[in-house]
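*Asks:* pasting a predicted model and its sequence here:
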Amino acid sequence: MNSTPKNDFKRNWFIMESLVSKDFKLKYRRSVLGVVWSVLNPLLMMLVLTAVFSAFFKFDIENYPFYLILGNTLFAVMADSTSGAMTSILDSAPLIKKIRIDKVIFPLEKVLFQLVNFAISLIAVVIVMVFMQIKPTFNLLFLPLLLVYVTVFSAGLGLLLSALAVFFRDIIHLWGVVITAWTYLTPLFYPVSILPEWMLALEAYNPMYHYIFYYRDIALWGNTPGLVENLICLGMALVTFLIGLFVFKRLQKKFILYV
């Protein structure tokens, strides 16, 4: 029976679902609290950062704990999914060598898995929202659109990293440094107002700055994102994805020689 695009899609989607399920079970295996950790982790991180930085920024940022948890949970989607995607081809080497499979599945599955974790972490966001008596507005309806932007951006970056890591293993160690630097360069726990003009100008080229600002706009400040901001977020996501996919497709035929 000849393969069709529809059949290929169904097969690839089934494989991705199976891999996500496997990763989910592995993550919480032998864990007493299990999936609750996906809720507790952002809450505990928020409490620690609030205790450390609130003395500096509590007068500059209203509802500081909520400001923190919004930034941290969204940034974690990108950081964790790209880190997982980066080693996905190397980790799947035994399977790649045994059967014929669309290799793009592996990095994309890591991004999808982190999206599931983000959905669970939203419980923590809601808890803080209720505790701080922040009223939701209709602008939260833009959240699925924001998740599309972040997912496409993370997928593109993950595809690029996963392809390069096969040939240059140093990238695996270097990426940890990049993520740490990126964390401090993005206003996660400090207000944008403290940035000098030259650094504020650089933030315009930081995709995570735009995505986190978008998230806070719809969830914390109750603002409706404008067309320009949506186009910027979409453009950064699409450009990154196309570059990542192009590099991945060009290099994937050589993976078998290096994994």
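*Replies:* Perfect, I can see it now. Residues are numbered from 1 along each chain as shown.

*Asks:* list the contacts of residue 162.
*Replies:* 85-89, 106-107, 248 (C-beta atoms under 8 Å, 6 or more residues apart in numbering). Every residue, glycine included, has its C-beta placed from N, CA and C.

*Asks:* repeat that with 6 Å
*Replies:* Counting by C-beta atoms under 6 Å, 6 or more residues apart in numbering, residue 162 makes contact with 85-86, 88-89, 107.

*Asks:* chain neighbours aside, what residue packs nearest to residue 120?
*Replies:* residue 38 (4.0 Å; C-beta to C-beta, 6 or more residues apart in numbering).

*Asks:* so the one you found is in which element?
*Replies:* Assigned by DSSP states H and E, residue 38 belongs to helix 37-57.

*Asks:* can you pull the buried residues of stretch 154-168?
*Replies:* Across stretch 154-168, burial judged by 16 or more other C-beta atoms under 10 Å covers 154-166.

*Asks:* would you turn those into CSV with secondary structure?
*Replies:* Formatted as CSV, those follow (DSSP: H, G, I helix; E, B strand; the rest coil):
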residue, secondary structure
154, helix
155, helix
156, helix
157, helix
158, helix
159, helix
160, helix
161, helix
162, helix
163, helix
164, helix
165, helix
166, helix
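
*Asks:* circling back to that earlier point, so the residue nearest to residue 120 touches residue 122, yeah?
*Replies:* No: applying C-beta atoms under 6 Å, one finds residue 38 not in contact with residue 122, separated by 9.7 Å.

*Asks:* counting neighbours, go ahead and name the busier of these two.
*Replies:* Each of residue 38 and residue 122 has its neighbours counted (other C-beta atoms under 10 Å); residue 38 has more, 22 against 15.

*Asks:* if I look at the more buried one, how far off is residue 148?
*Replies:* 21 Å (C-beta to C-beta, to the nearest Å).

*Asks:* just residue 238 next, same as before
*Replies:* Using C-beta to C-beta, residue 238 is found at 11 Å from residue 148.

*Asks:* equivalent analysis for residue 245, please.
*Replies:* Counting by C-beta to C-beta, the gap from residue 245 to residue 148 is 16 Å.

*Asks:* looking at the two, which one has more neighbours?
*Replies:* Counted by other C-beta under 10 Å, residue 245 and residue 148 do not tie: residue 245 has more neighbours, with 16 against 13.

*Asks:* look at the more buried one and report its pLDDT.
*Replies:* For residue 245, the pLDDT comes out at 97.

*Asks:* so what's it closest to, chain neighbours aside?
*Replies:* Nearest residue to residue 245, sequence neighbours excluded (C-beta to C-beta, 6+ apart): residue 159, at 5.6 Å.

*Asks:* hmm, residue 107 and the one you found touching each other?
*Replies:* Yes: between residue 159 and residue 107 a contact is recorded at 5.3 Å, counting by C-beta under 6 Å.

*Asks:* any common contacting residues for the two?
*Replies:* With C-beta under 6 Å, 6+ apart, residue 159 and residue 107 have no common neighbours.

*Asks:* what helices and strands are in contact with the helix or strand harbouring residue 83?
*Replies:* Taking DSSP H and E as the definition, one finds residue 83 inside helix 64-86. For helix 64-86, the elements it packs on are helix 37-57, helix 105-131, helix 143-167, helix 207-219, judged by 3 or more C-beta pairs under 6 Å, 6 or more residues apart in numbering; DSSP states H and E.
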